[in-house]
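Asker: missing the sequence, but the structure's below:
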């Protein structure tokens with residue numbers, strides 16, 4: 001079904017080529033009530049993240065109206081002010097609205113304590129808002145750690161070596177609506193310098209660890225009422241994202257290992273092998289289906 005967005009030539013050109021149907025919000029039939037999804041985009045490469053998320057959301061069978069949100073307390077250095085002004089809103093502009101779902105993306109700030117992140121207080125206000133005005137919030141990577149910390153007091157722990165690559169995952173619970181149709185083993189990309197500990201969940205009966213990886217650790221966590229979903233990896237990543245991150249770090253002389261299980265034969269001269277696309281589409285498809293029932 002179509003995604004309803006503000007008219008954006010870059011998104012239209014990229015996604016319609018792939019078969020994702022986009023409709024300008026202003027031209028949509030007002031008699032049809034779409035699902036409303038708010039996307040707080042904290043990633044530095046915002047257009048790339050927009051495309052990745054709209055791509056996976058576009059596989060649902062529901063009309064979805066998209067609103068992009070940015071922080072007011074921090075202005076992206078990698079995205080033009082014109083782009084943000086035309087296609088993004090700030091929290092003050094939407095704080096009285098109600099949305100069916102919200103996605104909070106990752107952010108390259110995991111080396112910082114949460115309280116040291118410039119926009120932390122603003123993010124806390126947005127997460128508090130989500131508890132009252134949004135049916136279900138989907139937190140990605142750093143946002144998953146931030147949400148678990150803010151809502152449940154679960155800490156993150158820093159790593160000396162980056163969890164970087166495409167890793168195998170298993171299911172801890174077979175009958176979760178979010179995991180409907182999943183294989184017993186599936187793959188997902190990770191790119192982070194921090195993790196959460198399973199022991200910290202022992203006394204939190206409201207949370208369920210749905211999936212984890214022997215190498216990458218806890219992957220999918222949900223609250224029992226599905227109000228909050230936390231995904232510590234990047235299932236939305238496209239085929240070249242990890243490769244770009246690897247080259248970026250190499251160019252900055254950052255010591256980083258080759259992303260594991262990503263390039264053919266783990267050779268960065270080869271093309272990446274995509275093993276996570278089916279899982280990614282299914283994860284977001286299931287979440288959208290859940291939104292229609294909440």
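Answerer: Arrived safely, thanks for sending. This structure is a prediction, so every number in the text was calculated from the model and none was measured.
Asker: can you name the residues in contact with stretch 180-191?
Answerer: Residues from elsewhere that reach stretch 180-191 (CB atoms under 8 Å, 6 or more residues apart in numbering): 141, 162-171, 213, 216, 219, 232-235, 237, 241-242, 245, 259, 261-262, 275-276, 278-280, 282, 286. Any C-beta I mention is one placed from the backbone N, CA and C, and that applies to glycine too.
Asker: element containing the spatially most distant residue from the centre of the chain?
Answerer: Most distant from the centre of the chain: residue 31, at 30.3 Å, with distances by CA atoms, centre = their mean. Taking DSSP states H and E as the criterion, residue 31 maps to no regular element, lying outside all helices and strands.
Asker: how about residue 282?
Answerer: helix 277-291.
Asker: what sits up against that helix?
Answerer: Contacts for helix 277-291 (CB under 8 Å, 6+ apart): 35, 37, 56-57, 59-60, 62, 64, 100-101, 135-136, 138, 177-183, 186-188, 220, 226, 229, 231, 235-236.
Asker: what mean pLDDT does it get?
Answerer: Over the span of helix 277-291, the pLDDT mean works out to 96.
Asker: list the buried residues of that helix.
Answerer: 279-288, 290-291 (16 or more other CB atoms under 10 Å).
Asker: helix or strand for residue 33, just tell me which one.
Answerer: Remark: residue 33 resides in no helix or strand, with elements defined by DSSP H and E.
Asker: quick one, what contacts it?
Answerer: Applying CB under 8 Å, 6+ apart, the residues contacting residue 33 are residue 63.
Asker: ramachandran angles for it?
Answerer: Backbone dihedrals for residue 33, given as degrees, to the nearest 10, come out at phi -100, psi 110.
Asker: with residue 178 instead?
Answerer: On the backbone of residue 178 - angles per degrees, to the nearest 10 - the values are phi -70, psi -20.
Asker: what's the answer for residue 189, then?
Answerer: With angles defined as degrees, to the nearest 10, residue 189 sits at phi -80, psi 150.
Asker: could you check the pLDDT of it?
Answerer: Residue 189 is assigned a pLDDT of 98 by the prediction.
Asker: circling back: now, the contacts of stretch 180-191 that are in helices?
Answerer: For those, membership in helices holds for 241-242, 245, 278-280, 282, 286, with DSSP state H as the criterion.
Asker: which pair of those spans the longest distance?
Answerer: Of all pairs drawn from the ones in helices among the contacts of stretch 180-191, the one with the largest separation by CB to CB is 245 and 286; the distance is 26.9 Å.
Asker: in the stretch 101-250 of the chain, where is pLDDT below threshold?
Answerer: Nowhere does the stretch 101-250 of the chain drop to pLDDT under 70.
Asker: now the helices for it?
Answerer: Assigned helices in the stretch 101-250 of the chain, in chain order: 120-133, 142-152, 241-251 (criterion: DSSP state H, counting those that start in this stretch).
Asker: tell me the angle the longest one makes with helix 142-152.
Answerer: Using axes from the mean of the first three to the mean of the last three CA atoms, to 10 degrees, the inter-axis angle of helix 120-133 relative to helix 142-152 is 70 degrees.
Asker: what's the answer for the last one, then?
Answerer: Using the same axes, to 10 degrees, the direction of helix 241-251 lies 100 degrees away from that of helix 142-152.
Asker: quick one: buried residues of the lengthiest strand in the chain?
Answerer: Taking DSSP state E as the criterion, the chain has its longest strand at strand 157-171. Along strand 157-171, these residues count as buried under the neighbour rule (16+ other CB under 10 Å): 162-167, 169, 171.
Asker: ditto for stretch 116-123
Answerer: 117, 119-120, 122-123.
Asker: narrow the contacts of helix 277-291 to those in strands?
Answerer: Assigned to strands by DSSP E, the following of those qualify: 35, 37, 64, 100-101, 135-136, 138, 186-188, 220, 229, 231.
Asker: looking at these, which is nearest residue 17?
Answerer: Distances from residue 17 to those, taken as CB to CB, are shortest for residue 64 (19.4 Å).
Asker: tell me what residue 5 is bridged to.
Answerer: According to DSSP bridges, the residues that bridge with residue 5 are residue 24.
Asker: can you give me the neighbour number for it?
Answerer: Here the neighbour count serves as a burial measure; for residue 5 (other CB atoms under 10 Å) it reads 21.
Asker: residue contacts, it?
Answerer: Residue 5 sits next to 11, 22-25, 54, 66 when contact means CB under 8 Å, 6+ apart.
Asker: roughly how far apart are residue 80 and residue 47?
Answerer: As defined by CB to CB, to the nearest Å, residue 80 lies at a distance of 10 Å from residue 47.
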